[in-house]
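# Need coordinates for the following:
(chains A and B)
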Amino acid sequence: MADSPSSSPPSTGPPGELAEATRDEAALTRFLRGLPGIDAVGLEQRATALAGRAVKGEAKLRAIDRAVGMVDLTTLEGADNASKVRALASKARTPDSRFPDVPRVAALCVYPDLVTEAVTALRGSGVGVASVATAFPSGRSTPRAKLAEVELAVESGADEVDMVIDRGAFLAGEYGRVFDEIEQVRAACGPAHLKVILETGELGGYDNVWRASWLALLAGADFVKTSTGKVSPAATLPVTHVLLRAVREWRDRTGQSRGVKPAGGIRTTKDAIRYLVAVREVAGPDWLTPELFRFGASGLLNDLLMQRETQLHGHYSGPDQVTVDL
Amino acid sequence: MTEPDPNPLEYAPALESATVAALRERYRPFIGGEFTDGSGAVFSSVNPATGETLAEITGSAESDVDRAVNAAEDAFRSHWGSISGTDRAKYLFRIARLLQERSRELGVLETLDTGKPVRQATEFDLPNAAAWFLHYAGWADKLDHAGFGPSPAPLGVTGQVVPSNFPLLLLAQRIAPALACGSTVVVKPSERTPLSALVFGEICEQAGLPSGTVNILPGDSGTGASLLTHRGVRHAVFTGSTEVGERVRRDLAGRGKRVTSELGGNGVNIVFADAAPEEAVRGVVEGAFFNQGRVRCAGSRLLVEESAAEEFVARLRDRMAELRVGDPMDRNTDVGSLGSTAEVERISELVERGVAEGASRWTVPATLPQRGDFMAPTLLTDVQQSMSVARTEVFGPVLSVLTFRTAREAVTKADNTPYGLAAGVWSEKGSRALWTARGLRTGVVWANTFHRFDPTAPFGGRGESGNGHVGGAAGLEAYLDV
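Okay, the predicted model is just below:
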């Protein structure tokens, strides 16, 4: 198997020719602008074509379990508090009490001030704790404030940090500023994994998504992630294709494996399976693991559980058979 | 964290059911508004993916051709040639709606008969067939504004021979404009794939189309020849190989008929170093292997800029290795079966010859089904302009790779073929794509895409690829007395 993110700390910087791209801002700009283009029409056609792959029967059941294990169960609301985190933590450990063989989810994602609560509730479960930081979701604050949030999350025990990039700086072409910020957050994360949220819905086109993905990878992201879930459009299949391509090419060029996380708007099992097909055919089968692919979702898990039951028993027994997450 | 799964996401077969096609044991010619017994030899239609016989068909003899052409002449004189365009449009719309309603049934039928992937049949062939009727329904009452002068007159009876690669879609492309113009039709589908055309006869009945307006004559090439040369046929439409097309044109010379034809091709994709790589790969794969490469306008040649060739071919191999070859009835199949064993042999021979001439062969590492006429998609590199594979039509899943150094060289190499049906140009620089497209001597040039068939756009070949157009206002000309 290729290097997992933990065994190749990105803080050592990218190897070889790619190190040259990060030498200074001018080199970085040259590199990003020199990347080959993405053709929107062809990209969307391929995404549509792959979405037509049928996964049925036994294959579907396995795909559902796989998807459950890749969910970052997420609550990012102003009304969140300790009790809600405990409720979700319980669900993260045992998604469906009727079926103990349902795998646990990959992580629980909360705001930084609730990380302690999540860590306590999930101790010994194997479920990771992820925290959004860096003035989520807008990213509009001082570097100091953003880093302070990262430190809060990490000191409280978060295993994973989801940061947002400064889209304003990116769109202004200040790639160096975005790069530095990611690099600083990467350093502040210590052993925690860093997911970099590009907020693709605000980047204005696939070419920019492609550049932003490379920028994040060069700066040390362990994961590239599409969206905060607070901006529409959030994750789409074509945008996820672009991210998957980026990590695939990153591995072809560096030997390092980085992950992808689409977030926002993925609500149904059908959608989730389409994403898994894209993972398999665009990045490759190696990426079909929670270490390299996650779903950022809050509503998806229940649909996966309901479809799982339908697949097992041949019928669907209604939304009250799974828990509400309030 | 969990360990990576050694057995990642597999696609279980997602088989479409053959019963959807509502196959009947016997099919008969459709003449003068009814299915009647033909006097020709009985033959069977075979599923090329399994070798199983699907149905028996009564073929059409000379006398049936006579009956059908007479019925079409009567229908033209008494009704179809003189009713208002608005009325004709009404029927065309009905046919389009019926094609849409029965698209699953017809898609499955088409798959069983041709060996093409069922997903392609239901998601490409059928919607497109309906789109052609919808488009020409719109023209039926606007012929005065089509650019052929006021009130252009319809031509009369048109005789059509349709090939086996897209039986229903090509039939729609030729029947829809004919009907819109007020011409009546006698059509002979390929003897290997006549089923969807015969079910189309049912659709004409369902739509209440006046009897004799459309007649369908299953039969062999003899039936085709007697149809096209029949004295009552004013306009002969032939679609098929260049070889047969030339014979047809010789037979028809001096008979005072209009002739349009869509013949062979040896299409090309020109990929510049600055093209969006992933999309260009997808387009080249689609261009070469769509419908098993059994497309007249398939991009069977790839011209890639030398400086980018190595990387591009590596990406191409990766993508080709993902193609799923096998049971056409599986919705996950990308490449299905060829039309016959003879076809597989002919293409394999062509590949062998290419290798003997110095090309390097690479085939997709797919396990092919034991039965049926399957062939793994094949890539030939180190191909030179002088080799036979670069000069002849392949009509199968084979892609030949050549390189070029300058845009001028690319155009010269691309045009250096007797054919001229279609080409693709891939570049992120618009001016380069336009310059290249202008130089290409071919009917259609696609930029950064391939195999787009829009009923609004004219499509037709140059040189040995045929004459005349289908599609758009230009496609009306063949069926009007102008």
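# Show me what the longest helix belonging to chain A is packed up against.
Counting by DSSP state H, the longest helix found in chain A is helix A:237-254. If you count contacts as 3 or more C-beta pairs under 8 Å, 6 or more residues apart in numbering or on different chains; DSSP states H and E, helix A:237-254 packs onto helix A:16-21, helix A:40-51, helix A:206-218, strand A:223-225, strand A:259-261, helix A:269-278. For the C-beta atoms, the positions are set from N, CA and C on the backbone; glycine is no exception.
# 7 Å - rerun?
helix A:40-51, helix A:206-218, strand A:223-225, strand A:259-261, helix A:269-278 (3 or more C-beta pairs under 7 Å, 6 or more residues apart in numbering or on different chains; DSSP states H and E).
# For B:Gly443, find the nearest of these.
helix A:40-51 (21.3 Å; C-beta to C-beta).
# now check the helix or strand just after the closest one, is it near chain B?
Sequence-wise, the next helix or strand downstream of helix A:40-51 (DSSP states H and E) is helix A:57-68. Yes - for a cut-off given as C-beta under 7 Å from any C-beta of the partner chain, helix A:57-68 has contacts with chain B, namely A:57-59, A:63, A:66.
# What helices and strands are in contact with helix A:57-68?
helix A:269-278, helix A:300-313.
# quick one, which of those is packed in tightest?
Comparing these by mean neighbour count (mean count of other C-beta atoms under 10 Å in any protein chain shown), helix A:269-278 ranks first with a mean of 22.
# Can you give me the pLDDT of the closest residue to B:Glu123 other than its chain neighbours?
Leaving aside its sequence neighbours, B:Glu123 sits nearest to A:Gly52 (C-beta to C-beta, 6 or more residues apart in numbering or on different chains; 7.2 Å). The score at A:Gly52 is 91. That number is its pLDDT.
# Based on its surroundings, how many neighbours for A:Gly52?
If you count neighbours by other C-beta atoms under 10 Å in any protein chain shown, A:Gly52 ends up with 12.
# next one: B:Asn416
B:Asn416 has 12 nearby residues by other C-beta under 10 Å.
# Ok, A:Val247 next?
A:Val247: 26 neighbours (other C-beta under 10 Å).
# so it makes contact with A:Gln256?
No - A:Val247 sits out of contact with A:Gln256 when judged by C-beta atoms under 7 Å, with a separation of 9.2 Å.
# what residues are up against the residue in the stretch 201-350 of chain B positioned nearest to chain A?
Per C-beta to the nearest C-beta, B:Glu279 is where the stretch 201-350 of chain B lies closest to chain A, at 2.9 Å. The contact partners of B:Glu279, taken as C-beta atoms under 7 Å, 6 or more residues apart in numbering or on different chains, are A:39, A:42-43, B:448.
# ok, the residue positioned nearest the centre of chain A - contacts?
For chain A, the residue sitting closest to the mean C-alpha position, by C-alpha atoms, centre = their mean, is A:Lys261 at 2.4 Å. Counting by C-beta under 7 Å, 6+ apart, A:Lys261 touches A:72, A:195, A:223, A:225, A:294, A:296.
# Please list the outside residues in contact with stretch A:26-39.
So stretch A:26-39 is contacted by A:20-22, A:175-176, A:179, A:206-207, A:210-211, A:214-215, A:242, B:276-277, B:279, B:428, B:448 (C-beta under 7 Å, 6+ apart).
# First-to-last residue distance for that stretch?
26 Å (C-alpha to C-alpha, to the nearest Å).
# If you average the pLDDT over that stretch, what comes out?
Mean per-residue pLDDT for stretch A:26-39: 95.
# now do stretch A:135-142
On average, stretch A:135-142 scores 96.
# Then stretch B:373-383?
97.
# Please identify the buried residues of that stretch?
For stretch B:373-383, a neighbour-count test (16 or more other C-beta atoms under 10 Å in any protein chain shown) marks B:373-383 as buried.
# and which of those residues is nearest chain A?
B:Pro377 (16.1 Å).
# Make TSV out of the residues of helix A:57-68 next to chain B and add neighbour count and pLDDT.
Below are the residues of helix A:57-68 next to chain B laid out as TSV (neighbours: other C-beta atoms under 10 Å in any protein chain shown; pLDDT from 0 to 100):
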residue	neighbour count	pLDDT
A:Gly57	12	87
A:Glu58	11	87
A:Ala59	18	90
A:Ala63	27	95
A:Arg66	23	96
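# Between these, which sits nearest A:Ala272?
A:Ala63 (7.9 Å).
# Next one: the closest one from B:Ala433, what distance?
To B:Ala433, A:Ala63 is 40 Å away according to C-beta to C-beta, to the nearest Å.
# Give me the pLDDT for A:Glu202.
97.
# got a list of what it touches?
Going by C-beta under 7 Å, 6+ apart, A:Glu202 touches A:167, A:231.
# if you set the cut-off to 8 Å instead, what comes out?
By C-beta atoms under 8 Å, 6 or more residues apart in numbering or on different chains, A:Glu202 lies in contact with A:167, A:171, A:231.
# do A:Ala246 as well
A:210, A:213-214, A:217, A:224.
# Nearest residue to the residue nearest the centre of chain B in space, ignoring adjacent ones along the chain?
The centre of chain B sits closest to B:Phe166, judged by C-alpha atoms, centre = their mean, with a distance of 4.3 Å. Counting by C-beta to C-beta, 6+ apart, B:Asp125 is the residue found nearest to B:Phe166 once chain neighbours are left out, at 6.1 Å.
# interface residues of chain A facing chain B?
Contact residues, chain A versus chain B (C-beta under 8 Å from any C-beta of the partner chain): A:1, A:36-39, A:41-43, A:45-46, A:52-60, A:62-63, A:66, A:69, A:103, A:106, A:126, A:128, A:245, A:276-277, A:279-281, A:285-286, A:288-291.
# Could you list which residues are in contact with residue 205?
I'll assume chain A. A:Ala40.
# not quite, I wanted chain B
B:Glu205 touches B:Gly33, counting by C-beta under 8 Å, 6+ apart.
# helix or strand for it, which one?
Going by DSSP H and E, B:Glu205 is in helix B:195-206.
# Can you name the element that comes right after that helix?
strand B:214-216.
# by contact count, what packs against that next one?
Packing partners of strand B:214-216 (3+ C-beta pairs under 8 Å, 6+ apart): strand B:30-31, helix B:62-75, strand B:184-188, helix B:195-206.
# Now do B:Arg238 against B:Thr341, distance only.
Not quite, residue B:238 is Phe, not Arg. When B:Phe238 is compared with B:Thr341 (using C-beta to C-beta), they lie 25 Å apart.
# more crowded one of the two?
B:Phe238 (25 against 12).
# Contacts only, for the more buried one.
Going by C-beta under 8 Å, 6+ apart, B:Phe238 touches B:160-161, B:224, B:228, B:244-245, B:248, B:259-263.
# let's see it at 6 Å
Counting by C-beta atoms under 6 Å, 6 or more residues apart in numbering or on different chains, B:Phe238 touches B:161, B:245, B:248, B:261.
# for the first one, phi and psi?
So that's B:Val161. Backbone torsions for B:Val161, taken as degrees, to the nearest 10, come to phi -120, psi 120.
# again with the third one
Taking degrees, to the nearest 10, you get phi -60, psi -40 for the backbone angles of B:Val248.
# and it, how many neighbours does it have?
Counted with other C-beta under 10 Å, the neighbours of B:Val248 add up to 23.
# and what of the second one?
Neighbours of B:Gly245 under the rule other C-beta under 10 Å: 23.
# Can you tell me the element it falls in?
Per DSSP H and E, B:Gly245 falls inside helix B:242-252.
# what sits up against that helix?
B:229, B:236, B:238, B:259, B:261, B:263-264, B:464.
# Mean pLDDT and distance to B:Ala390 for the helices and strands packed on helix A:57-68 - can I get that in CSV?
Below are those laid out as CSV (pLDDT from 0 to 100; distance: least, C-beta to C-beta, whole Å):
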stretch, mean pLDDT, distance to B:Ala390
helix A:269-278, 97, 36
helix A:300-313, 93, 51
